[in-house]
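Novice: my questions are about this predicted structure, shown below with the sequence.
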Amino acid sequence: MAFPPPPGPGPYPLSLAVPSFYVLVGLLFIFVLMLWVLQRTYPGRGRGLEGYLEAAGVDIAFLGFAVALAVALAWKDPLGNRTAHALYQVAIEGYWLTFAIPIVTVGSSVQSRSRGGIPWRIPAIVVAVILFGVFFAYYYANS
């Protein structure tokens, strides 16, 4: 099986004017707003910031990646090929995030709480990347 071509122009619309994109941006905004409120309300409280970043860091990173991917694809080619459409769907539909965020959050938390004694962060990220590939393959095959 050959790799699909890189994202490029095609017949599939890649619009940011869809409710699921607004949900992604809204969630990312809420997490950033919570961080800002924490820092403004409790300045100099390192443990609070550590706890927040431990709990929400993965969410912020994954949501930021999904938003950035959707924006990059839509701006580059508002009408994309199958590859662009499949990547867009992985980011916009949110199913990948539904699985990847909890998996990496648990792996990261286990590693943090065990003070590195149980190295689960990297394997959890590998699972999230594999899931991204699985969802990409599904959307690519069905577009």
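Specialist: All right, it came through fine.
Novice: state the pLDDT value of the nearest residue to residue 82 once chain neighbours are set aside.
Specialist: Counting by CB to CB, 6 or more residues apart in numbering, residue 82 lies nearest to residue 143, which is 5.0 Å off, once chain neighbours are set aside. C-betas here are computed from N, CA, C, even on glycine. At residue 143, the predicted lDDT confidence score is 87.
Novice: now do residue 1
Specialist: 66.
Novice: same question for the one 3 residues further on.
Specialist: In this model, residue 4 is scored at 93, pLDDT.
Novice: secondary structure element holding it?
Specialist: Under the criterion DSSP states H and E, no helix or strand holds residue 4.
Novice: who's in contact with it?
Specialist: Neighbour list for residue 4: 82, 83, 86, 140 [criterion: CB atoms under 8 Å, 6 or more residues apart in numbering].
Novice: pLDDT wise, what is residue 92 at?
Specialist: The predicted local confidence for residue 92 is 96.
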